[in-house]
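**Q** Sequence and predicted model, in that order:
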Amino acid sequence: MENNTIISLQNIDVSFGKENVLKSFNLNIRDGEFVTLLGPSGCGKTTTLRIIGGFITPDTGDVFFNGKKINDLPPHKREVNTIFQKYALFPHLNVFENVAFGMRVHKKPEAQIRETVGRMLEMVNLGGFARRSVNSLSGGQQQRVAIARALANEPKVLLLDEPLGALDLKLRKDMQTELKKIQQQLGITFVFVTHDQEEALSMSDTVVVMDKGRIQQIGTPQDIYNEPQNAFIADFIGESNILDGVMHRDFLVEFAGRKFDCLDKGFRPMEPVDVVIRPEDIEVVPPVEGHISGVVTSVNFKGVHYEIIVDVQDFKWMIQSTEYQEVGDEIGLILQPDDIHIMKKSEYSGMFGDYSTFSDEMEEDSQPAEEGEEAES
Amino acid sequence: MIKSKTAFAPYLVWMGIFIIVPMILVGYFAFTDQHGAFTLKNLAEVGQYSNVFLRSIWLGLIATVISLLLGYPLAYLISRTGSHRQGMLIMLIMLPMWMNFLLRTYAWMTLLEDSGIINTFLAGLGLGRLHLINTAGAVVLGMVYNYIPYMILPIYSVLTKIDESVIEAAQDLGAGRRKVFLKVTLPMSMPGVISGVTMVFVPSVSTFIISKMLGGGGNLLIGDLIDMQFLGSAYNPNLGSAISLVLMVLILICMGIMNQFDEGGSEDGEGMLI
C-alpha cells in the first residue's frame, strides 16, 4: 500500500441476493485526489461509495482508512461524509441548523458552530439564507446546503453520489466548476460517482471506469480517453469507431481492407485486435487522395461540428468535421498513425458495432441510439 | 369538466343542513330558556359542573398520554419491519375497530366485573379479588383500548414516509442510533403525533358510553352529563346545549395549544395528515 493512500478497498465481494454487485474489487484512493467512479447504472459504483460510507458491509474483503481496517465501523464513526443523490436535507430544520447538524451532534461550542456555518454558507454562495426553510430552496440551492452540511464536519474524504443528476444542464456545469474549486481549496479527497462521462473527464484527477461490478480501467481523464483498454471503455467514453483488425507486426495493423502504420506494439504477430478511431481525428479529403473512401449516408449539425456518417464497405463510420458534406457524395478519409489506437480483444469485442443505427433505418424502428446520445443532449 | 363551483354545491348543502344548522341550534338553545327567551342562566349553571369538566379533561389526558407512550413505539416498530409484514400488523391493529364499539366495551365489563373473568381467574389462583370495574382506571382503560388505533395509524403513516436517506444522512454526520431518533425521526414524526393526540383526546373527553359502562355512577364525565340533559332524568336541552358549547370551546383551545407545538416543526403546513 502506498503511504499516501487514504482509502483502500481490497478483494471486495458484494452480492444482493443472487446478483453479484462487486466482484473481487480492489481500489486505492490517494489523499487529496479527485476520484470519479464512472459507469452505467448497475455497475456497482454507488455500492462502492456506500461501502466507503459504511452503509453496506461487504460479504468478503477489507476496507482500510488511513491504514486502519474499518470493516465494522458504523457510518457515524467514520471520518467521511456523503452528499446524497437527493440531497437528503432535514426538512424540519432550517438552512443554518442543517449545516450545523454534524457539529451539534459532536457537541461543538456554539461560537464555533456559528463561525463554521457562516463560513460554509459563504463558500457555497448561500450567505443570506441561514434562516430560510430548506423546503423553500431550489434544487441547486438545496444541493449547496448539502455540500455545506457535509463539509462543515471537516471530513477527510467527501463522498458524492451523483450529486448533480437532478440539476439542469447549465446549473450542472456551474456546479461542476464550483465543486472542483472547493476540492482544490480544501485539499481533501473527493470520491465522485457519476454515469456522465463528460462530467467525469472534466472534473477528475483519476477516473475509475466500472462495468458489471469490475473495474475496467483506472487512469487520468486523458489516459481513459486516448488509451481506452477495451471496446466498452472506448464506446462509453466519447464517440468511437471500433473495428476488427489484425496486428501484422509492431507498428503495422490491418483493418478496413488495408494496412496502416500505427504507434502500438507488443502484440503477437497476426493477433486479432480491436481498433479505435475517434471521429474528430479523421481527416476528410477527395476520394482519390484518401486511405479509404465511402459514401456519406447522413449529416447532422451539432453546433461545433457536423456529425457525418460514412459507409465504407458496409461499415458505418462516424466523422466529426467542421466542413459540410452532401449526403450521397463519395469522400476520402485519411488516418494518421497517432489517430489509430489498438486494443486487445476482450469480452466486449464485437458488442459495439458501427454507427449503422444512425442511418435512415433508425427513424423507422425508432430505437434510441445505443451510444447514449439522448442522455446528454 | 364540471365547474368547481357546481361540484362543491352538494357538499355545501350537506354541510349547511348537517353541520351549520345544528351548531346554530345548539347555540340558540344554550342562550335561551324553555320558553325561548334569551338568558345567560344556562351558561352560568355550567360552572356547577366544573369538577366533571376537570375529571373529563384529566382522564382524557391520561388516556392520551398512555396511548402515545404505547402507540408510538409500536408504530415505530411496525414501520421498521419488512413491507410484507407491515400490512398484516396494521390490519391486526384495525381489526378490533371492525367490531361494534358497544360490544367491545361490554366485553371489558365482563372481564373487569367483581365476579368477572379476571377476578375469577385471580381467585382460582388463590389471590384476592380486585375491584376493577366502576373505577377511573377502568374508564381510562376503555378509552385507551378503543382509541389507541387512532394514535398508531397517523404516527405509523408519517414514519413510513420518512426518507431512508435522511436517516442515513444523520448517521453520516455522526449521529448514533439514539441521536438519529431524537434529532431526526422524532421531530419529523411530530405531525403524526399531533394528529394522533387530537384524535384520541377529543373523543376521550367527550365519551359517555365508556364512562357509563366501565365507570359506574362515580365517574361521571361531560358526555354523561350531556346525555342526561337530553335523554336522561334531568331533561334540560338548554343546559345540555350550554355544556356542549363550553366543551367545544375547551377542545378548540386544547387543539390550538397542540398546533402551537407543531408550528416549529413543519412550516409548510403538512400538519394534519389524516
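**A** Perfect, thanks for sending it.
**Q** CA only for contacts and neighbour counts going forward, please
**A** Will do.
**Q** pull the longest helix from the chain.
**A** In the absence of a named chain, this looks at chain A. Among the segments of chain A that qualify as a helix by DSSP state H, the longest is helix A:169-186.
**Q** sorry, should have said chain B
**A** Determined from DSSP H, the single longest helix within chain B is helix B:50-80.
**Q** mind checking how far the host helix or strand of B:Ala44 is from the chain centre?
**A** B:Ala44 belongs to helix B:41-46 when assigned by DSSP states H and E. Helix B:41-46 sits 27 Å away from the centroid of its parent chain (C-alpha atoms, centre = their mean, to the nearest Å).
**Q** same deal with stretch A:143-151?
**A** Offset of stretch A:143-151 from its chain centre (C-alpha atoms, centre = their mean): 22 Å.
**Q** Pull the residues that contact it.
**A** The contact list for stretch A:143-151, computed with C-alpha atoms under 8 Å, 6 or more residues apart in numbering or on different chains, reads A:81-84, A:87-89, A:95, A:98-102, A:117, A:120-121, A:123-124, A:126, A:158, A:163-164, B:173.
**Q** give me the number of residues near the nearest residue to B:Leu61 once chain neighbours are set aside?
**A** Among residues not flanking B:Leu61 along the chain, B:Phe201 sits closest, at 6.5 Å (C-alpha to C-alpha, 6 or more residues apart in numbering or on different chains). Using other C-alpha atoms under 10 Å in any protein chain shown, B:Phe201 has 27 other residues around it.
**Q** what do you get for B:Pro73?
**A** By the criterion of other C-alpha under 10 Å, B:Pro73 has 14 neighbours.
**Q** can you check the one 4 residues further on too?
**A** As a burial measure, B:Leu77 scores 13 neighbours (other C-alpha under 10 Å).
**Q** One more: A:Val80?
**A** 25.
**Q** Can you show me the helices along the stretch 201-350 of chain A?
**A** A:221-226, A:231-236 (DSSP state H, counting those that start in this stretch).
**Q** looking at the ones you listed, which is buried most?
**A** Highest mean neighbour count of the helices of the stretch 201-350 of chain A: helix A:231-236, a mean of 22 (counted as mean count of other C-alpha atoms under 10 Å in any protein chain shown).
**Q** Sketch out the low-pLDDT regions of the chain for me.
**A** In the absence of a named chain, this looks at chain A. A:1-3, A:353, A:357-377 (pLDDT under 70).
**Q** my question was about chain B
**A** Counting by pLDDT under 70, chain B shows low-confidence ranges at B:1-3, B:262-274.
**Q** Show me which residues of it are close to chain A?
**A** B:163, B:165-166, B:168-176, B:179, B:184, B:187-188, B:265-268 (C-alpha under 8 Å from any C-alpha of the partner chain).
**Q** Smallest gap between the stretch 151-274 of chain B and chain A, at which residue?
**A** B:Gly174 (3.9 Å; C-alpha to the nearest C-alpha).
**Q** Now do the contacts for that residue.
**A** A:Pro75, A:His76, A:Lys77, A:Arg78, A:Gly102, A:Val105, A:His106.
**Q** Show the buried residues in the residues you listed.
**A** Buried by 16 or more other C-alpha atoms under 10 Å in any protein chain shown: A:Pro75, A:His76, A:Lys77, A:Arg78, A:Gly102, A:Val105, out of those.
**Q** What is the distance between the helix or strand harbouring B:Tyr11 and the centre of its chain?
**A** Element membership of B:Tyr11, judged by DSSP H and E, is helix B:4-15. Centroid separation for helix B:4-15 versus its chain: 29 Å, with C-alpha atoms, centre = their mean.
**Q** What's the first helix or strand after that helix?
**A** Per DSSP H and E, the first helix or strand lying C-terminal to helix B:4-15 is helix B:21-30.
**Q** any idea how far stretch A:178-189 is from the chain center?
**A** 18 Å.
**Q** hmm, back to that, only whichever of the residues of chain B next to chain A are buried, select them in ChimeraX.
**A** To isolate in ChimeraX the members of those that are buried, counting by 16+ other C-alpha under 10 Å, one can use:
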select /B:165,166,168,169,170,171,172,173,174,175,176,184,187,188,265,266
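**Q** sorry, back to before: name the residues that touch the helix holding B:Ala44?
**A** B:Ala30, B:Phe31, B:Thr32, B:Asp33, B:Asn238, B:Leu239, B:Ala242, B:Ile243.
**Q** repeat that for 7 Å
**A** Here helix B:41-46 makes contact (C-alpha atoms under 7 Å, 6 or more residues apart in numbering or on different chains) with B:Ala30, B:Phe31, B:Asn238, B:Leu239, B:Ala242, B:Ile243.
**Q** Show me which residues of that helix are buried.
**A** For helix B:41-46, the buried set under the neighbour-count rule, 16+ other C-alpha under 10 Å, comprises B:Asn42, B:Leu43, B:Val46.
**Q** next one: stretch B:235-253
**A** So for stretch B:235-253, counting by 16+ other C-alpha under 10 Å, buried means B:236-247, B:251.
**Q** cool, stretch A:243-259 as well?
**A** For stretch A:243-259, the neighbour count (16+ other C-alpha under 10 Å) marks A:Leu243, A:Asp244, A:Gly245, A:Val246, A:Met247, A:His248, A:Arg249, A:Phe251, A:Leu252, A:Val253, A:Glu254 as buried.
**Q** Please identify which of those residues is nearest to chain B.
**A** Closest to chain B, out of all of those and judged by C-alpha to the nearest C-alpha, is A:Leu243, at 44.4 Å.
**Q** wait, isn't that closest one in contact with A:Val275?
**A** Yes. Between A:Leu243 and A:Val275 there is a contact under C-alpha atoms under 7 Å: 5.0 Å.
**Q** residue in chain A nearest to chain B?
**A** Closest residue of chain A to chain B, C-alpha to the nearest C-alpha: A:His76 (3.9 Å).
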